[in-house]
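**Student:** curious how this folds, go ahead:
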Amino acid sequence: MEAETFSDIRGHPITLDCQRHSSFCSEFTVSSPKVSIGKVMAYTCSVWLLAYFLFFFTQNTAVLSSAILVTLVGMVLHIHFVKVDHESLLVVGSLGIQLSSSYASGREITSFIEMGRIKDIVINEAVYMHQIIYHLCVLLRDPGEPDAVAGVVPLFQSSKPRLDCLVKVYQSCQEILSKVP
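**Tutor:** Take a look at the predicted model:
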């Protein structure tokens with residue numbers, strides 16, 4: 001329905017797409033910018049130039065071969081394990097919450113938390129280096145003690161949206177959770 005632009009904790013632009021499927025179901029997708037081909041080329045060229053200068057002084061071809069191999073393997077590992085294109089949160093009032101992360105390589109990781117295990121969704125603050133950052137978290141119910149918290153599942157860990165974006169998602173989630181018996 002609506003896509004809004006926010007920024008992450010580093011000041012980079014991110015997009016929040018909110019889709020309300022019904023009064024008991026909403027989906028929130030936070031998207032990060034795609035991999036910049038210019039940055040990739042700059043990093044690759046700088047590593048290869050450094051390797052060429054080392055080769056020039058040492059006349060060892062293993063330096064060039066290892067530089068090419070390291071940059072290619074590094075790029076593949078980065079887009080497959082590190083660079084998340086978008087993270088989504090699907091809240092279904094009667095079932096639970098589905099969390100999904102889509103990586104730049106196309107790999108997806110999905111997990112599900114059933115509604116009976118969810119105690120609440122909160123915004124938690126944390127001290128990170130010299131600043132305070134905020135996380136949207138799911139509090140898990142302790143089966144032995146219904147009033148206790150058994151665990152905390154942080155949401156949007158890769159995109160790290162700022163508080164204004166988290167408040168929007170939090171309010172919509174609380175609307176849905178308030179309708180659950």
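
**Student:** low-confidence ranges, the chain, go.
**Tutor:** Flagging of the chain using pLDDT under 70 yields the residue ranges 1.

**Student:** so which bits of the helix ranked longest in it are buried?
**Tutor:** Ordering each helix of the chain by length in residues (DSSP state H) puts helix 37-58 first. With burial defined by 16 or more other Cβ atoms under 10 Å, the residues of helix 37-58 counted as buried are 44, 51, 55. Just so you know, the C-beta spots here come from the backbone N, C-alpha and C atoms, and that holds for glycine as well.

**Student:** quick one: list the elements packing against it.
**Tutor:** helix 61-77 (3 or more Cβ pairs under 8 Å, 6 or more residues apart in numbering; DSSP states H and E).

**Student:** identify the bridge partners of Glu108.
**Tutor:** Bridge pairing for Glu108 (DSSP bridges) gives the partners Ser102.

**Student:** which residues touch it?
**Tutor:** Counting by Cβ atoms under 8 Å, 6 or more residues apart in numbering, Glu108 touches 100-102.

**Student:** hang on, the earlier thing: can you put the buried residues of helix 37-58 in TSV and add distance to Pro33?
**Tutor:** Below are these laid out as TSV (distance: Cβ to Cβ, whole Å):
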residue	distance to Pro33
Thr44	19
Ala51	29
Phe55	34
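
**Student:** any idea which of those residues is closest to Lys160?
**Tutor:** Lys160 lies nearest to Thr44 out of the buried residues of helix 37-58, by Cβ to Cβ, at 26.3 Å.
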